[in-house]
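> A structural model of the following input is requested.
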Amino acid sequence: MSMKIRLSICPITSTITTKEEKAASAQEMQVGKHMDIIYDTKMYLPGQKSRLSDGYLGMIGRMSDEEKAEYFKLYSPLSIDFYSKEHKDTVELYKYKFQRYMRDYAKVLKTFDDNVVECSII
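Residues are numbered from 1 along each chain as shown. Below is the predicted model:
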């Protein structure tokens, strides 16, 4: 089953004609404006700063050394790849943020789903 997600990455500037567009124009969270590259997408390298990087570091700080090692084993290569390229506040960056966030979210859902199956078998 494939699912298409319609992503509004820019504020709507044209005349609103449908309920969906009306809801999208009233949103208070926009990928380009509000999604933090470090906190929301986990694209952190030492020395990188963003408006929510301190909160991100606090979250990481609560992990055990073993958890941090696993975490950075996954996210460090992604961060290195991300910061090795030039990114500006463009549609491409907005798409990247959204895709990175949704991939993490899908992993959470899969893990949850796998564990629900395990619990129901017991």
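
> use CA for all of it now, contacts and neighbours both
OK.

> On the pLDDT front, check the nearest residue to Asp36 once chain neighbours are set aside for me.
Closest residue to Asp36 apart from its sequence neighbours, by CA to CA, 6 or more residues apart in numbering: Leu52 at 6.6 Å. In this model, Leu52 is scored at 93, pLDDT.

> Was I right to think Leu52 contacts Lys42?
No: taking CA atoms under 8 Å as the definition, Leu52 is not a contact partner of Lys42, at 10.9 Å.

> which of the two has more neighbours?
Lys42 (21 against 14; other CA atoms under 10 Å).

> packing partners for the longest helix anywhere in the chain?
Identified as the longest helix of the chain according to DSSP state H is helix 91-121. Packed against helix 91-121 by the contact rule (3 or more CA pairs under 8 Å, 6 or more residues apart in numbering; DSSP states H and E) you find helix 31-34.

> buried stuff in whichever helix or strand comes after the helix it packs on?
Heading C-terminal from helix 31-34, the first helix or strand you meet, by DSSP states H and E, is helix 53-61. For helix 53-61, the buried set under the neighbour-count rule, 16 or more other CA atoms under 10 Å, comprises Ser53, Tyr56.

> Run the angle between the helix or strand that helix 53-61 is followed by and helix 91-121 for me.
Sequence order places helix 65-83 as the next helix or strand after helix 53-61, per DSSP H and E. Inter-element angle recorded for helix 65-83 and helix 91-121: 150 degrees (by axes from the mean of the first three to the mean of the last three CA atoms, to 10 degrees).
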